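In: sequence unknown, structure follows:
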């Protein structure tokens with residue numbers, strides 16, 4: 001977003017981040033084995049290709065370093081204010097400006113506010129009885145304690161989804177024992193990860209269009225193979241192919257029929273996030289790793305007790321329990337015209353016109369707002385498209401103007417999105433972090449990436465209210 005502003009000749013902006021470094025989720029999540037589930041050459045900006053990715057799926061530290069280099073390359077350091085969070089954004093009705101109160105107590109005024117806060121940064125720690133009694137070390141996966149040596153320790157990992165699928169194989173060779181507490185089994189498909197060869201990296205650097213063609217191939221792979229998995233009917237070719245991959249991986253990795261049964265979901269593939277891993281299933285067959293499927297009754301001073309009365313001893317407790325993906329959409333920190341809060345506007349459900357703006361909140365923009373999340377492509381691609389629409393809105397407003405979507409246009413857009421979501425596997429009976437308790441899906445985008453790009457290239461001015 002910062003680069004797009006500079007490209008448009010706008011240089012009076014600041015980027016605030018509560019973290020001490022750039023990188024977002026790749027700064028916070030540094031747990032053992034942390035890596036992206038999207039292939040590296042597509043998990044980067046189209047305008048900043050990186051020929052030096054080491055692997056098909058890069059680890060967190062390479063992505064964080066890439067973000068650092070981009071800030072340097074595009075001259076954004078003078079605009080960065082790190083280690084400073086945003087406590088509140090309040091619209092001043094008289095000045096027609098946003099007043100932004102920062103965590104250090106200072107305040108700035110801005111014509112436009114661009115909200116780039118993502119959904120994978122607020123740890124979700126379940127309320128388990130007795131958690132405060134545990135006498136060992138405990139932490140959430142996104143707040144990893146690198147100062148604690150796992151060698152010879154008994155580790156309890158609560159959760160068995162995306163984070164756990166990376167953590168468990170990474171620590172199983174060090175810890176004395178790892179207990180993995182699974183509430184619901186997940187579908188996994190092989191990652192087929194590997195290092196890029198020196199020749200491949202040379203080609204990315206020196207062969208004209210090689211990197212662009214490779215990136216295009218990845219884009220089409222996600223569009224043609226991954227995206228159809230979430231669409232109905234249930235027996236489409238993509239979903240059958242993914243299901244076959246899961247079954248083959250399970251049979252190859254797990255010989256014990258009872259363990260294999262415990263790892264087999266009973267819901268449609270794609271309903272929950274499909275995990276990718278070459279090592280997680282086989283790690284569960286190690287002698288020093290146990291899969292626990294009994295419900296957790298409580299946490300004790302020495303470990304975790306399950307409903308069958310078994311106490312699983314642990315020196316260290318790791319919550320691999322994901323994030324509060326809804327909380328940052330309903331917090332009270334955004335106060336619009338006439339004192340109306342965003343939380344009030346979203347009292348029923350978070351909605352935004354094209355995922356980027358909310359009626360009644362002029363000049364307030366979202367980079368990854370409601371219904372912009374994806375399970376089948378790169379969020380970096382989606383961010384670039386959102387930046388297009390936001391820049392178009394800023395330019396349409398002019399130097400001193402206000403712009404906001406019309407209420408009718410926003411409601412019609414949300415109705416379209418919800419109707420399309422009804423035709424996806426996410427709307428089926430299984431529960432997931434994609435879906436609220438009332439069944440409303442406020443996170444995911446129901447169409448493919450090409451559709452998102454097309455809809456965000458230009459704005460339809462008839463859908464907006466412009467004023468001075």
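Out: Thanks, I have it. It should be emphasised that the depicted structure is a prediction, and the values quoted were computed from it without experimental measurement.

In: And stretch 47-64, end to end?
Out: This stretch, stretch 47-64, spans 17 Å end to end (C-alpha to C-alpha, to the nearest Å).

In: Could I get the buried residue list for it?
Out: Buried positions in stretch 47-64, judged by neighbour count with 16 or more other C-beta atoms under 10 Å: 49-51, 53, 55-60, 62-64. In short, each C-beta sits where N, CA and C put it, glycine included.

In: want to throw the residues you listed into JSON lines with secondary structure?
Out: Output for the buried residues of stretch 47-64, formatted as JSON lines (DSSP: H, G, I helix; E, B strand; the rest coil):
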{"residue": "49", "secondary structure": "coil"}
{"residue": "50", "secondary structure": "coil"}
{"residue": "51", "secondary structure": "coil"}
{"residue": "53", "secondary structure": "coil"}
{"residue": "55", "secondary structure": "strand"}
{"residue": "56", "secondary structure": "coil"}
{"residue": "57", "secondary structure": "coil"}
{"residue": "58", "secondary structure": "coil"}
{"residue": "59", "secondary structure": "strand"}
{"residue": "60", "secondary structure": "helix"}
{"residue": "62", "secondary structure": "helix"}
{"residue": "63", "secondary structure": "helix"}
{"residue": "64", "secondary structure": "helix"}
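
In: Closest one to residue 428 out of those, please.
Out: residue 57 (28.4 Å; C-beta to C-beta).

In: these two touch, right, the closest one and residue 41?
Out: No: at 10.4 Å, residue 57 and residue 41 do not qualify as touching, with contact defined as C-beta atoms under 8 Å.

In: and the residue lying closest to residue 368 once chain neighbours are set aside, how many neighbours?
Out: Counting by C-beta to C-beta, 6 or more residues apart in numbering, residue 118 is the residue found nearest to residue 368 once chain neighbours are left out, at 5.7 Å. By the criterion of other C-beta atoms under 10 Å, residue 118 has 17 neighbours.

In: And the residue nearest the centre of the protein?
Out: For the chain, the residue sitting closest to the mean C-alpha position, by C-alpha atoms, centre = their mean, is residue 120 at 4.9 Å.

In: any idea how far that one lies from residue 175?
Out: 25 Å (C-beta to C-beta, to the nearest Å).

In: likewise residue 193?
Out: For residue 193, the distance to residue 175 - C-beta to C-beta - is 22 Å.

In: Residue 360 now?
Out: From residue 360 to residue 175 the distance is 52 Å (C-beta to C-beta).

In: shaky segments in this protein?
Out: Residues of the chain meeting the criterion pLDDT under 70: 232-235, 326-331.

In: Turn the buried residues of stretch 47-64 into JSON lines, including distance to residue 418.
Out: Output for the buried residues of stretch 47-64, formatted as JSON lines (distance: C-beta to C-beta, whole Å):
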{"residue": "49", "distance to residue 418": "36"}
{"residue": "50", "distance to residue 418": "37"}
{"residue": "51", "distance to residue 418": "42"}
{"residue": "53", "distance to residue 418": "37"}
{"residue": "55", "distance to residue 418": "38"}
{"residue": "56", "distance to residue 418": "35"}
{"residue": "57", "distance to residue 418": "33"}
{"residue": "58", "distance to residue 418": "35"}
{"residue": "59", "distance to residue 418": "37"}
{"residue": "60", "distance to residue 418": "34"}
{"residue": "62", "distance to residue 418": "38"}
{"residue": "63", "distance to residue 418": "33"}
{"residue": "64", "distance to residue 418": "36"}
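
In: which one among those gets closest to residue 371?
Out: Using C-beta to C-beta, those come closest to residue 371 at residue 63, 24.7 Å.

In: I'd like to know how many residues surround the residue nearest to the closest one when sequence neighbours are not counted.
Out: Excluding its sequence neighbours, the residue lying closest to residue 63 (C-beta to C-beta, 6+ apart) is residue 26, at 4.3 Å. Using other C-beta under 10 Å, residue 26 has 24 neighbouring residues.

In: now do residue 287
Out: Neighbours around residue 287, by other C-beta under 10 Å: 7.

In: for the one 5 residues further on, same thing?
Out: In terms of burial, residue 292 registers 20 neighbours under the definition other C-beta under 10 Å.

In: Next up, the contacts around the closest residue to it other than its chain neighbours.
Out: Nearest non-adjacent residue to residue 292, counting by C-beta to C-beta, 6+ apart: residue 181, 4.9 Å away. For residue 181, the contact set (C-beta atoms under 8 Å, 6 or more residues apart in numbering) comprises 156, 157, 158, 159, 160, 292, 296, 304, 306.

In: swap the cut-off to 10 Å and go again
Out: 156-160, 164, 290-296, 304, 306, 312, 320-321 (C-beta atoms under 10 Å, 6 or more residues apart in numbering).

In: how much space is there between it and residue 296?
Out: Applying C-beta to C-beta to residue 181 and residue 296 gives a distance of 6 Å.

In: Check which helix or strand residue 453 maps to.
Out: Secondary structure from DSSP states H and E places residue 453 in helix 449-455.

In: from the chain's centre, how far out does that helix sit?
Out: 19 Å (C-alpha atoms, centre = their mean, to the nearest Å).

In: Tell me which other helices or strands that helix touches.
Out: With contacts defined as 3 or more C-beta pairs under 10 Å, 6 or more residues apart in numbering; DSSP states H and E, helix 449-455 has these neighbours: helix 210-221, helix 379-397.

In: List the buried residues of the longest one.
Out: So that's helix 379-397. So for helix 379-397, counting by 16+ other C-beta under 10 Å, buried means 379, 381-394, 397.

In: before we move on, what about stretch 138-147?
Out: 138, 139, 140, 141, 142, 144.

In: Repeat that for stretch 87-103.
Out: For stretch 87-103, by 16+ other C-beta under 10 Å, it's 89, 90, 91, 96, 97, 98, 99, 100, 102.

In: Find the pair from those residues with maximum spatial separation.
Out: 96 and 102 (20.7 Å).

In: Can you get me the start-to-end distance on stretch 24-35?
Out: Stretch 24-35 end-to-end distance (C-alpha to C-alpha) = 14 Å.

In: With stretch 348-363 instead?
Out: With C-alpha to C-alpha, one end of stretch 348-363 sits 22 Å from the other.

In: Pull out the buried positions in that stretch.
Out: Going by 16+ other C-beta under 10 Å, stretch 348-363 has these buried residues: 349-363.

In: Which member of the residues you listed is positioned nearest residue 149?
Out: Looking across the buried residues of stretch 348-363 and measuring by C-beta to C-beta, the closest to residue 149 is residue 350, at 41.9 Å.

In: ok, that closest one to residue 410 distance?
Out: 12 Å.

In: now swap in residue 372 and tell me
Out: 14 Å.
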